[in-house]
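**Student:** 3D model of this:
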Amino acid sequence: MEHNLFKAKTFENGQHEVVGDCNGFTMQERWKIETPLFAKAILARLPRQHEGTRCVLDYGCGVGRLSKECLAQKETLWLTGLDASPDMLKQAKEYVNDPRFDTILPHEITKQYDLI
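**Tutor:** Numbers count the residues shown, from 1 in each chain. I've put the predicted structure just below:
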């Protein structure tokens, strides 16, 4: 079923679709304050059974906000951004701009991840 959700044609549109204004905070304020905190909380959940390179799947990555921050916080991380929206995946690939990041559609999952 075709829908008009999550079809951001610009990065700024995508930012507003995935974050937006809330409780008196602007999207920009929320992006700046929340993103590092959320990434830290996500990375704290990585399994500790082995060190080294870790693979994470950012399910519903949107424009790549958390993917980019997770990669910035952990240099041994490889991250795959998954989203149902090809428009969002395009924005994420451009925004994250890191060789340790790739994007896929839901039906393209072919491997296991250390954390989703």
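
**Student:** so which elements touch the lengthiest helix in the chain?
**Tutor:** When the chain is parsed with DSSP state H, its longest helix is helix 27-43. Helix 27-43 is packed against helix 11-18, helix 65-73, with contacts defined by 3 or more C-beta pairs under 8 Å, 6 or more residues apart in numbering; DSSP states H and E. From N, CA and C alone the C-beta is placed, and that goes for glycine too.

**Student:** in the protein, where is pLDDT below threshold?
**Tutor:** Applying pLDDT under 70 to the chain flags the ranges 1-8, 10-11, 14-17, 19-21, 49-51.

**Student:** switch the cut-off to 80
**Tutor:** Applying pLDDT under 80 to the chain flags residues 1-23, 25, 27, 31, 48-52.

**Student:** circling back: show me how far the longest helix of the chain is from its chain's centre.
**Tutor:** 11 Å (C-alpha atoms, centre = their mean, to the nearest Å).

**Student:** tell me the helix or strand right after it.
**Tutor:** Using DSSP states H and E, the next helix or strand after helix 27-43 towards the C-terminus is strand 54-59.
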